[in-house]
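[1] output the structure for:
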Amino acid sequence: MPNPHILVIEDDDEARTMYGIMLRSWGYDVSEATTGEEGIRAARRHFPDLILLDIMMPDVDGYEVCKALRSDPRFHQVPIIFLTALNASTDRIKGYTIGGDDFITKSQVDYKELGTRIKAALNRTERFQHPSGDGRKGLVIGMMSLRGGVGVSTLALNLAQYATTASEQQVMLIDLSLPIGSVSLWSGVSGPRHSVRLLSRPASEIDINLIRNFSLENMYGSSFIPGPSTLTDYSGIRIQAVEQMLYALREEGYIVIMDLGRATLPLLWNVPKLCDWVTVVTSGDSTSRSLASATLNSLSQYDVDSSSVLLVYNDYTDEQPTDIAIGLPRTPDVFMPHIKDFNEIEEVTPLAHFWSIIASKSAEREAEAE
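    Presented below is the predicted three-dimensional model:
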C-alpha cells in the first residue's frame with residue numbers, strides 16, 4: 001500500500017523545509033508549493049491524501065486556495081489543515097466555514113501534536129471511504145420541508161418517541177431547525193448545550209463521549225440535542241463535523257432522527273446525502289405541494305438516492321383530502337391524519353406504518369449488503 005501523500009503549501013522556505021523533513025521522517029510522501037496558485041496546480045496534479053495549507057501568502061491566500069479546491073468534487077473528502085501564524089477566533093471560524101478540517105496555530109503546537117492531528121485526519125477520511133460492517137448498524141433519518149409550519153418538528157419528535165418503544169436501539173433526536181431550534185423552544189431548554197455549539201467544534205474533537213455530553217434525556221427514554229434557544233451565529237458549523245457526528249452515532253448503533261426544519265440554509269442541503277432516509281413533509285395547501293415537488297426534484301442534484309426519499313403528507317389542519325396526490329409528483333408514502341395528541345392514538349397507527357416502512361426497507365438493504 002503506498003504511503004499517504006501530503007501536499008505542503010507554504011511560502012516561508014524555512015518552515016516548508018522543516019515540515020517536509022518531519023513528514024518524510026514519519027513515512028509520508030511529500031510535495032511542496034510556494035504560492036497559493038502553485039498549490040492549486042500541485043493539488044490537481046498530484047491529488048494528495050492531505051493538504052497542509054498556510055494562509056498568509058503573497059498571491060492567493062490560503063482561504064482562497066481552500067475555496068478553490070472545495071469547489072472541485074475531487075477534493076470534497078481530502079483533509080485540508082490550516083497551519084498558520086494566525087490565532088484569532090474569527091480566523092478559525094472563517095477557516096472552518098470554508099471547508100477546513102483543522103486549524104493549527106504554528107506557535108501553539110509541537111511536532112508530536114501536529115503528527116497526531118495529521119494522522120487523525122487521514123484516519124477519519126479512511127473510515128468515511130471504507131466504513132466497517134459495524135458502522136452500518138446505525139440508522140440516520142433526516143426530516144425536512146421547504147414550507148414552514150407543516151409539522152416537521154412535531155413528526156420528528158413523535159417518530160423519535162415511537163422508535164424508542166418500537167426498537168431496541170438507542171435513539172437520538174438532533175435539532176437542526178435553525179436559526180432557533182423548535183425542540184429547545186418546546187422543552188424550555190436553554191444554555192450552551194446545543195447542536196450549533198457541538199457542530200462548531202473541529203471534526204477531530206467530535207466523538208461519542210462529546211456527543212453524549214451535549215445530549216439530554218427525555219421522559220420517553222430517548223436522547224436529544226436541542227437547537228439554540230436564542231439567535232446564534234451558526235457560521236462555524238462545518239459539514240465535516242456533521243459527518244463525524246453521524247459516523248460516531250452510527251458506530252454506536254443509534255437511530256438518529258434529524259429535524260432539518262425548512263432546510264433553507266446552504267449547509268443543510270449537504271446533509272440529506274449523509275442520511276439513510278430523507279423524509280420530505282408536505283400538507284394540503286398548494287404552496288406546500290409545490291415546494292414538496294421542488295424539494296423532491298432538487299434532492300437528486302445533491303447526490304441523494306431517490307429510493308431513500310420518503311414523502312409524508314401531514315394533514316395538520318384536518319382538511320381530510322379526498323386525493324393526497326394532487327399537485328405532487330407521486331403519491332405520498334405515508335398519510336398522517338390530523339391528531340391532537342400522539343399519546344392517545346391506538347397501537348396500529350400511521351406513525352407505526354411510517355416506522356415500519358423505514359425499518360423493513362432498512363432490513364432489506366442490510367440483507368442485500370451481506
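
[2] mind giving me the domain ranges of the chain?
    Domain ranges of the chain: 5-129, 134-369, per automatic domain parsing.

[3] return the member of the ones you listed having the minimum mean pLDDT.
    When the domains of the chain are compared on average pLDDT, domain 134-369 comes out lowest at a mean of 80.

[4] make a markdown table out of the domains of the chain and add mean neighbour count.
    In short, each C-beta sits where N, CA and C put it, glycine included. Shown next, in a markdown table, are these (neighbours: other Cβ atoms under 10 Å):
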| stretch | mean neighbour count |
| --- | --- |
| domain 5-129 | 18 |
| domain 134-369 | 18 |
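
[5] go ahead and confirm residue 260 touches residue 155.
    No. Judged on Cβ atoms under 8 Å, residue 260 makes no contact with residue 155 at a distance of 11.8 Å.

[6] joint contacts of those two?
    residue 143 (Cβ atoms under 8 Å, 6 or more residues apart in numbering).

[7] how close does residue 176 sit to residue 227?
    7 Å (Cβ to Cβ, to the nearest Å).

[8] got any residues that touch both of those two?
    Common neighbours of residue 176 and residue 227 (criterion: Cβ under 8 Å, 6+ apart): residue 195.

[9] check which helix or strand covers the residue nearest the centre of the chain.
    Central residue of the chain (Cα atoms, centre = their mean): residue 242, 3.0 Å from the mean position. Per DSSP states H and E, residue 242 falls inside helix 239-251.

[10] secondary structure class of residue 328, three-state.
    coil (DSSP: H, G, I helix; E, B strand; the rest coil).

[11] which residues touch it?
    282, 289, 292-293, 311.

[12] how much space separates residue 311 from residue 163?
    In this view, residue 311 and residue 163 are 19 Å apart by Cβ to Cβ.

[13] my error: substitute residue 31 in the last question.
    48 Å.

[14] cool, residue 205 as well?
    28 Å.

[15] and if you look at residue 150?
    Residue 150 is 21 Å from residue 163, by Cβ to Cβ.

[16] pop out the phi and psi values for the residue nearest to residue 62 when sequence neighbours are not counted.
    In space, residue 62 comes closest to residue 55 once its chain neighbours are excluded; the distance is 3.7 Å by Cβ to Cβ, 6 or more residues apart in numbering. Dihedral angles phi and psi of residue 55 (degrees, to the nearest 10) take the values phi -100, psi -50.

[17] who's in contact with residue 55?
    Going by Cβ under 8 Å, 6+ apart, residue 55 touches 61-63, 82, 84, 86, 91, 95.

[18] please apply the same query to residue 256.
    Residues near residue 256 by Cβ under 8 Å, 6+ apart: 138-141, 171-172, 174, 246, 249-250.

[19] looking at those, which are in helices?
    246, 249-250 (DSSP state H).

[20] okay if I get those as TSV plus distance to residue 269?
    Putting those into TSV (distance: Cβ to Cβ, whole Å) gives the following:
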residue	distance to residue 269
246	16
249	21
250	21
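
[21] and which of these is nearest residue 222?
    Ranked by distance to residue 222 (Cβ to Cβ), those are led by residue 249 at 12.7 Å.

[22] from residue 255, how far off is that closest one?
    The spacing between residue 249 and residue 255, counted by Cβ to Cβ, is 9 Å.

[23] go on, residue 7?
    Remark: distance between residue 7 and residue 255 (Cβ to Cβ) = 39 Å.

[24] next: residue 138.
    Distance of residue 138 to residue 255, computed by Cβ to Cβ: 7 Å.

[25] what is in contact with the two at once?
    In contact with both residue 138 and residue 255: residue 169, using Cβ under 8 Å, 6+ apart.

[26] dihedrals phi and psi, residue 256?
    According to degrees, to the nearest 10, residue 256 has phi -110, psi 130.

[27] list the contacts of the nearest residue to it once chain neighbours are set aside.
    Spatial nearest neighbour of residue 256, chain neighbours left out: residue 140 (4.5 Å); criterion: Cβ to Cβ, 6+ apart. Going by Cβ under 8 Å, 6+ apart, residue 140 touches 246, 249-250, 256, 258, 274-277.

[28] which of those sit farthest apart?
    Counting by Cβ to Cβ, the most remote pair of those is 249 and 277, 14.6 Å apart.

[29] adjacent strands (with direction) for the helix or strand containing residue 313?
    Using DSSP H and E, residue 313 sits in strand 309-314. Strand pairing for strand 309-314, using DSSP bridges, gives strand 277-282 (parallel), strand 334-336 (parallel).

[30] nearest to residue 238, of the ones you listed?
    Taking these one by one with Cβ to Cβ, strand 277-282 is closest: 20.6 Å.

[31] format the CA atom coordinates belonging to the very next helix or strand once past that closest one as PDB.
    The helix or strand immediately downstream of strand 277-282 is helix 286-299, counting by DSSP H and E. Provided in PDB are the C-alpha atoms of helix 286-299 (Å, rounded to 0.1, in the frame of the first residue of the first chain):
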ATOM      1  CA  SER A 286     -50.900  24.500  -2.900                       C
ATOM      2  CA  THR A 287     -47.700  26.100  -1.700                       C
ATOM      3  CA  SER A 288     -46.700  23.100   0.400                       C
ATOM      4  CA  ARG A 289     -47.300  20.800  -2.500                       C
ATOM      5  CA  SER A 290     -45.300  23.000  -4.900                       C
ATOM      6  CA  LEU A 291     -42.400  23.200  -2.500                       C
ATOM      7  CA  ALA A 292     -42.500  19.500  -1.800                       C
ATOM      8  CA  SER A 293     -42.300  18.900  -5.600                       C
ATOM      9  CA  ALA A 294     -39.400  21.300  -5.900                       C
ATOM     10  CA  THR A 295     -37.600  19.500  -3.000                       C
ATOM     11  CA  LEU A 296     -38.100  16.100  -4.500                       C
ATOM     12  CA  ASN A 297     -36.700  17.300  -7.800                       C
ATOM     13  CA  SER A 298     -33.800  19.000  -6.200                       C
ATOM     14  CA  LEU A 299     -32.500  16.300  -3.900                       C
END
